[in-house]
Structure formats: structure tokens, C-alpha cells
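**Q** Whatever this is, show me its structure:
(chains A, B, C, D, E and F)
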Number of protein chains: 6
Amino acid sequence: MDMEINNHIRSQIISDALPYIQKYHNKIVVVKYGGNAMTNAELKEAVMSDIVLLTEVGIKVVLVHGGGPEINAMLKRVGVESKFIGGLRYTDAETIDIVKMVLAGKVNKELVSALQLHGAKAMGLCGIDGKMIVAEKLEGDIDLGYVGQIKKVSTKPILDAIAGGYVPIISTVATSADGQCYNINADTAAARIASCLRAENLILMTDIAGLCQDKDDPSTLIPSVSVSDVPYLKNTGIISGGMIPKIDCCVEAVRRGVRKTTIIDGRIPHSILIELLTNEGAGTEII
Amino acid sequence: MDMEINNHIRSQIISDALPYIQKYHNKIVVVKYGGNAMTNAELKEAVMSDIVLLTEVGIKVVLVHGGGPEINAMLKRVGVESKFIGGLRYTDAETIDIVKMVLAGKVNKELVSALQLHGAKAMGLCGIDGKMIVAEKLEGDIDLGYVGQIKKVSTKPILDAIAGGYVPIISTVATSADGQCYNINADTAAARIASCLRAENLILMTDIAGLCQDKDDPSTLIPSVSVSDVPYLKNTGIISGGMIPKIDCCVEAVRRGVRKTTIIDGRIPHSILIELLTNEGAGTEII
Amino acid sequence: MDMEINNHIRSQIISDALPYIQKYHNKIVVVKYGGNAMTNAELKEAVMSDIVLLTEVGIKVVLVHGGGPEINAMLKRVGVESKFIGGLRYTDAETIDIVKMVLAGKVNKELVSALQLHGAKAMGLCGIDGKMIVAEKLEGDIDLGYVGQIKKVSTKPILDAIAGGYVPIISTVATSADGQCYNINADTAAARIASCLRAENLILMTDIAGLCQDKDDPSTLIPSVSVSDVPYLKNTGIISGGMIPKIDCCVEAVRRGVRKTTIIDGRIPHSILIELLTNEGAGTEII
Amino acid sequence: MDMEINNHIRSQIISDALPYIQKYHNKIVVVKYGGNAMTNAELKEAVMSDIVLLTEVGIKVVLVHGGGPEINAMLKRVGVESKFIGGLRYTDAETIDIVKMVLAGKVNKELVSALQLHGAKAMGLCGIDGKMIVAEKLEGDIDLGYVGQIKKVSTKPILDAIAGGYVPIISTVATSADGQCYNINADTAAARIASCLRAENLILMTDIAGLCQDKDDPSTLIPSVSVSDVPYLKNTGIISGGMIPKIDCCVEAVRRGVRKTTIIDGRIPHSILIELLTNEGAGTEII
Amino acid sequence: MDMEINNHIRSQIISDALPYIQKYHNKIVVVKYGGNAMTNAELKEAVMSDIVLLTEVGIKVVLVHGGGPEINAMLKRVGVESKFIGGLRYTDAETIDIVKMVLAGKVNKELVSALQLHGAKAMGLCGIDGKMIVAEKLEGDIDLGYVGQIKKVSTKPILDAIAGGYVPIISTVATSADGQCYNINADTAAARIASCLRAENLILMTDIAGLCQDKDDPSTLIPSVSVSDVPYLKNTGIISGGMIPKIDCCVEAVRRGVRKTTIIDGRIPHSILIELLTNEGAGTEII
Amino acid sequence: MDMEINNHIRSQIISDALPYIQKYHNKIVVVKYGGNAMTNAELKEAVMSDIVLLTEVGIKVVLVHGGGPEINAMLKRVGVESKFIGGLRYTDAETIDIVKMVLAGKVNKELVSALQLHGAKAMGLCGIDGKMIVAEKLEGDIDLGYVGQIKKVSTKPILDAIAGGYVPIISTVATSADGQCYNINADTAAARIASCLRAENLILMTDIAGLCQDKDDPSTLIPSVSVSDVPYLKNTGIISGGMIPKIDCCVEAVRRGVRKTTIIDGRIPHSILIELLTNEGAGTEII
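**A** Numbers count the residues shown, from 1 in each chain, chains lettered A, B, ... in the order given. Modelled structure (predicted):
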């Protein structure tokens, strides 16, 4: 940090954050955590620090995580091939076991540990605990195995954790009514959890600058998209490829009552703070 | 069930359980779950059913589990050799990762799921969540790697889960103050948790009949041992081998305020109910 | 109890009660207590024991009692003739005084005492306390004196007792708005109290097997009657005599929101447990 | 009421009661009710009205009653002879049954009814309910049958009733640990209950003016007696006869923590209000 | 007080107040305090004593005060002329400053102090605290400066004070949305506060006997006026001059849900007690 | 604000405040507000903004204010001479009236209004409300009139306001047991209030840089002073003049349990934020 930024400037900057803190005070913000922000050690530190800060200023953060790279690594190690169909992982019985273990037993607990090192208290949960996420087999033309679609979200375990002073950290494996485990896409789960919690904001961390006119040119970033603009943007191909399901999650969340959703660039340190506590925000908001 | 056991006998037997239900009502009972009772499907069903019944009649059950066979299987699968020194698993960095995943991500979540199928609500926790179990490296002559000894147990996550109407199911991996994960012996952890919760009873499920005068002859079962008898029984070799650490856990738990500890035969269906709700009890109690 | 019924069978029978315990957990069950089950010492012991057990497993029992034989004995002793018109006691000023004394002062307090000897805490109440049952003179062709019909039930004293950890035991004498005491039929009062409490079950203990095709042959027991069947059963004379008002109470209770009512055979020990905690139930249910 | 006492004088008199209301606000006052104030209809009306008023101004009144005349009448009616030894009723098995019925079933419920007619809500209790008064056989040279001495008072049922907004009205029959009913002297019971409730005041209503120098001359009333004066007053015969046990109750209550006890003249209308809400008080206070 | 009014008469008078105490128990009564009752030391003492008594008997009094004479005195002292237009004070920037200081800083705190000397606990509030009274500039033909009309009343600070055991004493200066202070007529504010609190009674203390047929002859007092009579009474000139706005306040309060409003003669000692606790009431009620 | 301070720097600075926010979270900080920070409009804005920000991040701020310049102005206006003896205002009956009015009626309400404009909710209190500050005449050689010394502080009104979600703003006029108003030095009152609230920090805002080796050279600022150093610093004259009573307040507060006290330079914008949320702090701390 530049020495010349003195305490007066510091205090002014902190002071400038006040209206944003007031806006989100006691509100729930769901953060879908993934990509570089999760694999890069320095970025991860910054995310952990940001979440603790948001917690301290009275914002209720719920962290939902995926863990694709770690799942792939473990599958490879045990000699199971990773197969993807239409962007979704084909999940047979052997795979769902590995997915569950890696997400709920490794990634989740490492995040709990990391957040606690920064001074918060965290509670690791998965969709099986307290039947938080009840799912059924994803319907569709192609059989994806144990890939599930959400039937019901029970917010009690999440709200209990918040009430107990913990940051809930959620692995998106779910249970069916008869106890079968299902793999749930983390973006989808985050969107649905945000809806059920009536969250103020849903933040999806990605490895891109946001939605851009030209996806190869970050300077063409579209800062704000209305739900009603989405069909047009799809037709013109501005929303395309991997952006389609992400934007669809956001649209669905907004329709079900989330006030605002944002696709932010997880490669920038403290992008969550920039989004929530400064006047510019970050990435593309869908409202 | 024999047809000739009619409803009158049924109702009498249920009625006879009353004084035991009264004794344990609203009390905490910690059950260390392991061995055949965990690997045999029928026995597992009976244990799940028993825990739900105890919950319904007002007994607060806390389930602490190990998972040796599943850990071994996964280690073998990823090509890591299982090493045991003096009955404790040598746990290098690779092993602790597998231990954590298997216990907190697989065994734990399957138990949550199984209990919920029987009608209870369960919450899977590990020692990392909310810093429930803080550990440090186990001191000793031989370096066992990431095998920990418990420094502090925080009962808040457990009591929160009970207050929320959940049966807490606990994997015994712990965190150090600086966020390192440690493997904790499940018997030891169960005993310490029982102490900190001031449990009424600590039940260790094993694959033996209990403590026997002649360990090969179940008819020589010693139903009750006082803490003060233990040194004599060790000297005479009646307590020997794998029984030594189990009995030591029980003695330690009793000394720290648990009212009663019992080593029961997990191979008998409903042995937990027999221990808690009948006049004979099961296995060997240490008081 | 037969020695040959060993602990494994015992534990299995207890385990089998689980789904029934789950069904009634935290639900209110109103038991109208009377007949042989109240005059026979051994049966009375079994009833007391059953109620305590149900309380311990989380079922909220409310006991409503009559006391005809004791009232008759006291009336005889003070030289007042017992008169019955259409199954209802003619109740002059002198009689209502004796009824009140015997029910609220003798029978009620003896039941409180008996239940407490079995380990529960009980609170004796009558319809006058806290204006729990407000009544007016029963209208009809024949003047029955101080026989009342219920105008209003206040559940607060009952719910306060339950919340305080007591089993409420209720004598069915009522007060009018201007403070006059009225005698209320205990079956009727139990049915009305069950309705106002939105009870899960109303159990009327009688000295018969239940509703039978042939009332002299218990093997012709009708286990279940739907409210809509009742007119037909009355027309065919299967419901006749003293069964008419009892069945009418049950029908009324079901119509006002009680989930299930049962006429059970109080002459069988533990018939309440059989009804509530086994798969066969007891007597005749009206649903 | 004299027409000439105009509203200004009325409001001044009400205003003058303020310091006394403040003194007793939210405090418990135990009133032992008996004698003429209970048998004379007009006096009874005044007592009921007074208790309701005290309740409304925030004073927690607990009413403890006897019922000698009604017991005698009923005993006579059933042909049992009333026997008194040293002022205490000899109570055989037949008598205790009648005592219990008359006190808990008749007198108690009539008082509940009367108080409720004046606008309060009342809860009738006896020492058996919730094991409120546990007693054992009174030891002494002469066997008095089922006359008990108090071993323990549980204030929970009384405090529950107060918390529920009811005036507790208590019959002084008690239960032994094994469920036997005992007759307890109402003055003694009131004194003990007052002690256990840490009452601000214990008022014993009698049919005399209070303690007088010359018991036949009310003008010699002693308004205040210190506990330390009692031995001297006994020696000089000023405290004699039936006054001895009453004064002993008061002394015992003061020693166990009741702030003030008063023996008042129940023959004077509103004597309770005079005692509590005016500057003169009534009868003789023992402090 | 006349010596001849003995304790029996005293206790009877206190007893007669019971139905009125019951009527207002736990209800909110708003008292607009002003006029002679505020400037005459003896009358002020009586008012303070009355409010404490009402508080003790369970009536929730909210005191709303003006302070015209004290404001005039201070304005004179600082050389600002008091100007009144149509009965309302012309309030320039200098005047509003003085009004605020005198009401919220002097009169209010002296009332808090006086009430506390009589044994109550009081909390001084003004409309600015917690934005209790939000106002805007009074619209009208004539510009009255910082005279406000109420836009919104927040009852939270008042109810918080009551819940904390304090008598709320309220100065009627208000805040606009942008923080400007406004002077509010105290009668109007009391009426609006009473409406928002759903008060049982609004009492306006004045220096007249009430509404009289002939305003110069108190013997022609009209004890009760229905809201529907008001237009007629205005047409006939019986309601005229300064009575018009007072009666309008009452009518408005009744229309918005206050059960009863009364214009009482503050020159009579204890007129509040006479109104609330005797059968005659005082002054003129508008219902 | 310089345009070149981009969002990344902003988010880093906000992030850097985290440990300080964690330190003071849910802790009480008492701020004595006065001097230039109160008279300069821009500084006042910054203080209001800072307090709202601190409130939002979970710090419980209690604002204690003086108002010397406003008192002097009003005294001059009404023609009363301001007299000071040893730094304390001579306060006759006329003066205390003006002091009370200006502090509790003007300054206090303007601060409530200003804080509310920034988005917080505030509650104006003085030491008379709820008998928060009970004082008696200050003893000493010279009679200072109605200058008081604190006998007792009741924290209930302050804690009630905090619990209700308000920032308490306190004028330091007090009441004696017999209702006389006293003027209390605001530094002293703030220190005593901080002690009674067991505040984490007491901040005295002044018009100097802090305690300096050479009071005319801010570069000689002593950042931290231990209570044990104070006698030496007084002897050497470094603590002298007006600093003596301020330092004495701090020492007293630390001795009575306040964790830290700081004398800060109120002339610097956001000095409260600098003190509480940056690594340098501001002014001189006494610990």
C-alpha cells in the first residue's frame, strides 16, 4: 500500500463505504464461490478476508461452493474418467461418491478452516444435512446419472447457522426423498438458495470480466442488464456459451425475489468488496 | 417376530421400559458408533432405528463415528499404504486428506442420510466446523504425522444442533489453532465430547461381548467394573490389548463427569436399546 | 412376565413402537377415564403407568374423569336417592353439591396422587377453575336440575398445566356465567375438550370390547367405523342403548376437528398403550 | 355511602392509598381466610371484592382457606363424630376423606366461583396438586391420625397460577411421599406458604379484634408486637388459649423471611383493605 | 382530611374504585397537561400524585404537555415579541429555537423530575427523538412560520418507554423529514398520539368546567356529547371560540379509534382521578 | 477525492479496517463530543457520518455532549454574566435553568436531528430522565452553586436506548435525590458513564493534537501514556493547565474498568474513524 495514502484519505474512503454498508446491513448476500478465486491462493485469501469483513459490518454472507478441479483430480486418481455432457458432469454411482467426498469432506472443510483463520466462525453444511436440499433425478433427453434438480430447499439449517453466529458454507450435494445423493450444479443451487432466503444479492464469481459486447474485449463490459433484455441479448449472441446457464440462474433468482444478482470477475482481488461497498460495483448486474 | 407374542405382552414390555425412559429423559447420551454395527446393513438399520426411538422418547443422542474400513478402502484405491503404529494410523499429508474426505464427506453424510430415512433430522458436523475440536500434534516417542490430541472441545455447535431438533453426527477430524487438520481417535474424541457435554452415558459400540474374565468365553462377561478396579484388572491381564485404550477412555470420561460408560456388543441387534431401556443392560459398564 | 422373552425380543418390541411414538409425538391425546379401569385396582395401576409412559415419550395426555360409583356411594351415605332419567342423573341442589365434592375433592385428588406416585406431575382441575368450562342448564323436555350443557371451553388452564409440565386431570363440573355449578356428562365434556384442544385422539374407556355386530359376541368387533356409517349402524340397531350417546360424542368430536376417536375396552390391562403404540389398536375407532 | 362525601373527598381518599399501593406493588400477600368473614355472606362479598381490587392494583394475593364448619356439618351428616384434641381435629381414615372432599371439592370451588363473579380469574389448588405440600404424620404424644406436619412446600404450582393471571386459592390438604393424604392446619400452612413465597405480608383473618391486653376489651388492642416480645406476652398470659398457635405461626413466618404478619378482625368489612391500604392498619401486627 | 371519615368509609371508597380500575387496567390513557393545573403548585402536586397512582394500579399514562406561559416569559426575556394569529403562535426561526428549548429542555425535564419525586420513573421525550413526530409546514392562508402539521407518529419510542417501566412525558416539538424543527399544538399532538396508540381515553385538561350550555354558568355543564351532536352544537354557538379546536381534536381522536375523550376542569384537584376512578366522571366527554 | 485512487485501492483500505472492526464489534464506545468538532459545520458533518458508520459496523456508540459556547450565548442574551472559577462555571439558580434548557432542549435535540439525517436513529436523554445521573452539590472550598458531583449512574435508560436500536445522545445535567437539577462537567460525566457501561473505549474530542512534550509543537505528540506515568508527567509540567482534569478523567475511567481512553484532535475530519479503524490511531491514548 502506498505510504502516501495517509490516514485522512483512509478514513475518507472508509467513510464513503457507509451508504453501501447501510444498504446491505442485516441483509443476506449469497456468494457462489468458484474459479480462479478459489484456486489462486492470494485471491482466496482476499475472498476470505472480504467475507469476514462483510460479516463484521452486519451483512449475512452465505457461501455456496463448487469444486470441479478437485473433483477431476480425485476422479483421475482413482481411475474414473470425467465425462461432461452439455456442460454437466455425467455422474454414475462411483462418481457421485467421489463428488460427495471431495465437496463435503475436502473443499467444504478447507473453506471452513480458511474462513476461521481470518477470524470468523463458519459452519460447513451440505444439502443432505437436515434435508436442506431435496432433489430428484434431472429430467432430460440424456441420462446424466446422479445429477439432480432441486425440488425443495429448507432454509432452517442455514438460518440456524446464521443465528448461531456462523457463516454457512454449503456444498451442493443433495438428498432425494429416499436418501439417494445427487450432484447439483453450484450456480443453480446458489440461485435457488438465494431465492428461498430472499437474499438481497446473489453474486456469482467467475473468471471473466462480466457480460461483454465483445467477449474478448473487457472494455466492452455491460454493467447492467435488465431481465427483460435477456432474450434480445441471447438472440444477438452476446449471451452465449457458458454465459447462458449463468445468466439463466440470475434471471430465475431475480424472478423468485432476489433483489439483485451480479456476475463478477473473481480474478480481481477484493471484487466482492468492490461490488458491495463502492459506488462502481463490479462486473455485470442482472436486475 | 413370533405371532404368539400378543399385544398384551407387547404393551407390558413397552410399559416395563418406562423407568429407564424416565431415567434418561432430556439427558445426553454419546454413542461411539463403529465396527460390525456400522458395516453390517441389518445391524446398521437397527442402530438407526434405535437412535430415532431414543430421540423420540426425549433422550438426546450424540453420534460419534469412526470409519476405518472405508478409509482403508479409499487409501488402497488411491495407492496409499495404510500403516498402523501401536494401533494408531500413521497419517501423512496425503493420508489426512483422504481421512478427512472419507469421514466428513462420505461416512458422515451417509449416516445423516440413513438416520433421516428413519424419521429423525440429523446434522453432520466435524471437529473443524465452528472449531468444535481444536487439537495439536500428538506427542509421543514415535511420530505419527497428523494424528492429533484434543486441546479443547467447543460444545456450542453440538448444543445448537440439539436445540435445533437435530441429532448431531460427528466426524472426529479436528483443526489446530493454525488451521491444520488432524485425525483424532474416535473413542478418545467420543469420551472427551461426552465429558464436555456432561453426558449421562457414553456407549462404545464394539465387536466383542464386553470385558470378559476369559476373552474367548462370552459367558465370563464382567457386567460392571468400578474405576478403582481398573489397575488390578490390567495387572491380571484381564484388561489387555485393544481393551486397554477403550477402558482408558471410559475411565477418563467417568473421571471428568460422565455418569456411566458402557462397552457394548455392537453385533447384537438393538444393543443400544437393551443397554438403555431394559433392566439387564448390555456389555460391561465402567462407573 | 415370561422369563423366556429375552432382551432381544424386548428391544425389538420397544423398537416396533417407534412409528406410533413418532405419530403422536407432541400431540394431545384426551383420555376419558371411567368404568372398571377406574374401580379395579390393578387396571388403575396399569392406566396410571401407561399415562406416565405416554407423557415421557412426548405425548400430551389430558385425563378427563367421571365418578358415578363414588357419587352414588356418597349420595347413599347422606341419604339422598340417586335418580337417573334417560341415562342422566337427576341433579337437585343437594346432589350437585355432593357431585362437586366427590368429583373435584375426592376422585380428582386421588387420581392426581396416583399418577404422581408413578413419577409424573399432575394438576387437578375442574371446569370451575379459571372458568374452564362454562355451562348453562341443559334444555330438554324433562327438567334434570343442575345438569348442564357446555357453552364454552377455555383451554388456557389446560394448556398452562401442560406447559408447566403437569398432566391435567379434569373433573367435569362446570360453572355458569353467574357462578352456579352444573354437572356435565364426562363423555360429552371429554369430546368437547378434545375438540377445543384440537386433539390428535380422543379415547373413551368403556367396559365393553368396542362396537360389535352382535353386542354379546366380542369376536364380532367392528374395528373401524366412518362417521358416515353411523346413521346406517343406528338404523340397523348395531349402535343402540348406551352406545348411542358415546358414538354421538365421537362423531361430534371428529366433526369439530379431532383426528380420531376410539372406544376401547378398559377391562384389558394397558389397553391405552395397545391403542396408541401397537399396530393393531384396540376397540373401535370412529374416524 | 353518605351523599355528602363528594368526589373530591373520594379522589383524595383514593389518592391517599397511593403510598400503600406502591409499597405492596408486585409483592405477594398471603391471606388466611376463615371464621365469620367466610360464613357471613356480606363479609364474604367484601373479602372477594377486596382481593380483586388488590389484584388489580398489582398486589399478588394468595388465598389459603380452612373450612371447619362445613367439615363438621358434613361429618355430622354422614354420622361421623367430630373429635378435637388440643384444638386439632382427630382425623381417622373416614374423616380425612370427608375433609379432603369438603375442602378441595366444595369450599375451594365455591371460593373460586365467588372470586370469579367479582371479575378476577382464580385457580383452585390443594396441596396434592403438583405435590405442592408434602407432609408426614404429625409427631406428638397423642395420635391424631391423618393430621400432618409439612415437610416441603413446592411453590411452582402457586407461582405458575400467578404468572398465568390467576389468584391461587389453596385448600390445605397435603400428600405424603407415598401418596397418603393428610390434613394440615390452615394457619400453619398459610404461614409456611408465605415463608416459601417470601411474601411481603401474611394476614390471618380471625373473629377477634386482635391481641388485646384484656381479651374482653377491644379498646386494649395492642397494634404491634415484636417477635422478641412474644415470650414475655405468653408469660403474662396476654397471649393465651387459641392465640398461642396463631402467634406462633406468625413468629415462625417472620423468622423464615416474611416481612410482616398481621392478625386482623375479619368481622369488620374490608378489613384487608384497611390493613393494606390505609395508614392505620388493622388488628395486631407481628414483626 | 376530616377526622370523621373513618377507615371503614375510606376502605369502602377505595373499594368503589375497583370497577373503574378494572376498566382501565393495562390500557393507555393520554393526558394533555396544561393550564392552571400546570402553573398552580398545589394542583401540579395533585396531578403528579394522580399519575403515579394510575401507574401503580396498572393504567399506562402518557403525558403530553404544552408550555405557553413559560415560552412567553422566555421570549419576553430575550426580547422577542409573542405573536398569535388565530390562536396559533407565529413562530419564526428565533421563536422555534426558544420554543424547543423551553419545552424540551425546561418544562419537560421539570415534569420528569416532579413525577420521579412522587415515586414513578419517567422518560422525557420530544417529537424529534427517534423521529417520533414527523411534521411538515402547516398549510393555510396565513404563514405561521415553523408551525407544523403532523404527517406521521412513530409510537416505538413511547411504547419502548412504557415497556421499560417509565411514564413517557412528551414535548410537542416535531422534526420534518429534512431535520427542521416545527412547533405543534399540544392538543392536536395529544389527540394524534392517542389515536396512534389506540388509547382508551384522551383527557384534555383545561381551565373551564367543560362544555356548558351557558359558558358562564358551570351548572349548565353538558356531561356527555356524541360526535354526531357536534355540528348542531357548533351551529347553536354552544361550541364556540377556543372550544372549537379542542372539540375538533376530540372528534378526530374518537374517529381514529380512541374509545373516549374528555375535557376536564384542571382547576379541581384530582380531577383526573375523579374522571377515571369514580362513577361521575368530570367535565364533558365526547364519545 | 483523488480520481486516481481506484476501486482496488479503496477495497484494500476498507479491507485493512477489518481487524479494528472485529476488535470493537458489539462493544460500547463512549464519545465525549465538544469543541471545534461541534461548532464547525463540516467537522460536525464528519462526526455524524462517522458515528453512523460505527453504528452500522456493529459498534455501540454513546454520545455525551457539552455545549459551553451555546450556553454562553444564551446567558449573554438574557443578560446573565458567565462566571468561571477554576475552569468550572459558577452556576446560580438562573444559570442552571439556562444550562438545562440549552443542553437538553437545544444542543441535544439538534444532535439527535443531525444524526438522524445521516440515517441512524437517535434518542436524546439527559441525566434527569429515568434518574440516569443522580448528583449532589460539588464539595469544595469555593461554592460553585448548582455544580454537581455524580453519586450514581443508572445505565438502564442508555442500555434500553441501545437495545431499541437508538444511538443515545446524553446531556450532562443531573438530578439530586430531592429533584434539584445540577450541572455536571461533560468530560467527567462521559468518563463515569463509560465506567458504568464497561465501555471498550472512551474518546474525548478536544481542540488540541493530544498530549505533547511541548504543547505548542504537535510534532512532539506522545501517542500513548500509561496510568502509572501520569504523576511523573504532571510533575514535569507536561500535563498542565486544562489537560490536568481531562487526563484525570481518563485515569479514573481506566481505573474503573474502561479498557482504553483517548484524547483525540477533533479538528481533524474523521478523527474518530482514524482512532478506531486504522492502525495509527489518533491523539494520545491513556491505558
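**Q** in chain A, which residue is closest to the centre?
**A** A:Lys32 (0.4 Å; CA atoms, centre = their mean).
**Q** for the residue nearest to that one when sequence neighbours are not counted, what are its contacts?
**A** In this structure, A:Lys32 finds its nearest non-sequential neighbour in A:Ala190, 3.8 Å apart by CB to CB, 6 or more residues apart in numbering or on different chains. Where C-beta positions appear, they are placed from N, C-alpha and C, glycine not excepted. Residues near A:Ala190 by CB atoms under 8 Å, 6 or more residues apart in numbering or on different chains: A:30-32, A:64, A:172, A:202, A:204, A:249.
**Q** quick one: what helix or strand has A:Ala190 in it?
**A** helix A:186-196 (DSSP states H and E).
**Q** Show the subsequent helix or strand relative to that helix.
**A** Next element after helix A:186-196 (DSSP H and E): strand A:201-206.
**Q** After that next one, which helix or strand is next? Please name it.
**A** Next along the chain from strand A:201-206, counting by DSSP H and E, comes strand A:224-225.
**Q** So what's the residue count around the closest residue to chain F within the stretch 1-150 of chain A?
**A** Using CB to the nearest CB, A:Ser11 is the residue of the stretch 1-150 of chain A that sits closest to chain F, at 3.7 Å. Around A:Ser11 there are 27 other residues, counting by other CB atoms under 10 Å in any protein chain shown.
**Q** For the residue nearest to it when sequence neighbours are not counted, list the residues it contacts.
**A** In this structure, A:Ser11 finds its nearest non-sequential neighbour in F:His270, 3.7 Å apart by CB to CB, 6+ apart. Contact analysis of F:His270 by CB under 8 Å, 6+ apart lists A:8, A:11-12, A:14-15, F:46, F:49-50.
**Q** For my notes, please list the residues you listed in TSV and give secondary structure for each entry.
**A** Converted to TSV, the contacts of F:His270 look like this (DSSP: H, G, I helix; E, B strand; the rest coil):
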residue	secondary structure
A:His8	helix
A:Ser11	helix
A:Gln12	helix
A:Ile14	helix
A:Ser15	helix
F:Ala46	helix
F:Ser49	helix
F:Asp50	helix
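**Q** What's the mean pLDDT across the helix holding A:Ala190?
**A** In this model, helix A:186-196 carries a mean pLDDT of 97.
**Q** ok, A:Leu125 touching A:Val167?
**A** No: under the criterion of CB atoms under 8 Å, A:Leu125 is not in contact with A:Val167, lying 10.6 Å apart.
**Q** Residues that sit against both of those two, list them.
**A** With CB under 8 Å, 6+ apart, A:Leu125 and A:Val167 have common neighbours A:Ala161.
**Q** ok so, going back, for the residue of the stretch 1-150 of chain A closest to chain F, list the residues it contacts.
**A** F:269-271, F:273-274, F:277-278.
**Q** please redo it, this time with the cut-off set to 7 Å
**A** By CB atoms under 7 Å, 6 or more residues apart in numbering or on different chains, the contact set of A:Ser11 is F:270, F:273-274, F:278.
**Q** gap between A:Gln213 and A:Val225?
**A** 12 Å (CB to CB, to the nearest Å).
**Q** More neighbours: the two, which one.
**A** When A:Gln213 and A:Val225 are compared for neighbours, A:Val225 comes out ahead with 23 against 12, by other CB under 10 Å.
**Q** So for the more buried one, what's the nearest residue that isn't a sequence neighbour?
**A** A:Ile286 is the one closest to A:Val225 (CB to CB, 6+ apart), at 5.1 Å.
**Q** Backbone dihedrals for that neighbour, both of them.
**A** phi -120, psi 120 (degrees, to the nearest 10).
**Q** which residue ranges form the helices in the stretch 1-150 of chain A?
**A** Assigned by DSSP state H, counting those that start in this stretch, the stretch 1-150 of chain A shows helices spanning A:7-16, A:18-24, A:36-39, A:41-56, A:68-77, A:93-100, A:108-117.
**Q** Tell me which of those lies nearest to B:Gln180.
**A** Evaluated over those, closeness to B:Gln180 peaks at helix A:108-117, with 8.4 Å, by CB to CB.
**Q** and that closest one, which residues are buried?
**A** A:108-116 (16 or more other CB atoms under 10 Å in any protein chain shown).
**Q** now do stretch A:221-228
**A** Buried-residue list, stretch A:221-228, by 16+ other CB under 10 Å: A:221-222, A:225.
**Q** for stretch A:56-67, same thing?
**A** A:56-67.
**Q** These: which ones sit near chain F?
**A** A:56-58 (CB under 7 Å from any CB of the partner chain).
**Q** Nearest to chain B: which residue in chain A?
**A** For chain A, CB to the nearest CB, closest residue to chain B: A:Gly105, 2.0 Å.
**Q** What number of residues are in the vicinity of the residue in chain A that chain D sits nearest to?
**A** Closest residue of chain A to chain D, CB to the nearest CB: A:Ala163 (27.3 Å). Using other CB under 10 Å, A:Ala163 has 11 neighbouring residues.
**Q** go on, A:Arg255?
**A** A:Arg255 has 10 nearby residues by other CB under 10 Å.
**Q** ok, the nearest residue to it once chain neighbours are set aside - contacts?
**A** Nearest non-adjacent residue to A:Arg255, counting by CB to CB, 6+ apart: A:Val227, 7.0 Å away. If you count contacts by CB under 7 Å, 6+ apart, A:Val227 has them with A:251, A:254-255, A:286.
**Q** hmm, try it at 8 Å
**A** A:251, A:254-255, A:286-287 are the contacts of A:Val227 under CB under 8 Å, 6+ apart.
**Q** how much space is there between the residue in the stretch 101-250 of chain A that chain C sits nearest to and C:His25?
**A** Proximity of the stretch 101-250 of chain A to chain C (CB to the nearest CB) peaks at A:Lys131, 15.8 Å away. Taking CB to CB as the measure, A:Lys131 falls 18 Å from C:His25.
**Q** what does A:Met243 give?
**A** With CB to CB as the criterion, A:Met243 and C:His25 are 50 Å apart.
**Q** between the two, who's got more neighbours?
**A** Counting neighbours by other CB under 10 Å for A:Met243 and for C:His25 shows that A:Met243 has the greater number, 20 against 17.
**Q** Can you tell me which residues in chain A are near chain B?
**A** By the rule CB under 8 Å from any CB of the partner chain, the part of chain A lying against chain B is A:74, A:77-78, A:97, A:100-106, A:108-109, A:112-114, A:116-117, A:121-124, A:126, A:128-131, A:156-157, A:160, A:164, A:166, A:173, A:175, A:178-179, A:181.
**Q** switch the cut-off to 7 Å
**A** A:77-78, A:97, A:100-106, A:109, A:112-114, A:116-117, A:121, A:123-124, A:126, A:128-131, A:157, A:160, A:164, A:166, A:175, A:179.
**Q** Of these, just the buried ones, ChimeraX syntax please.
**A** Burial among these is assessed by 16+ other CB under 10 Å; the matching ChimeraX selection reads:
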select /A:97,100,101,102,103,104,105,106,109,112,113,114,116,121,123,124,126,128,129,130,131,157,160,164,166,175,179
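**Q** Of the residues of chain A next to chain B, which belong to strands?
**A** A:123-124, A:126, A:175 (DSSP state E).
**Q** Looking at those residues, point me to the pair that's furthest apart.
**A** A:Met123 and A:Thr175 (18.1 Å).
**Q** The buried residues of stretch A:221-228 into a markdown table, with extra columns for pLDDT?
**A** Converted to a markdown table, the buried residues of stretch A:221-228 look like this (pLDDT from 0 to 100):
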| residue | pLDDT |
| --- | --- |
| A:Leu221 | 93 |
| A:Ile222 | 94 |
| A:Val225 | 94 |
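**Q** quick check, nearest of these to chain E?
**A** Of the buried residues of stretch A:221-228, the one sitting nearest to chain E (CB to the nearest CB) turns out to be A:Val225, at 33.9 Å.
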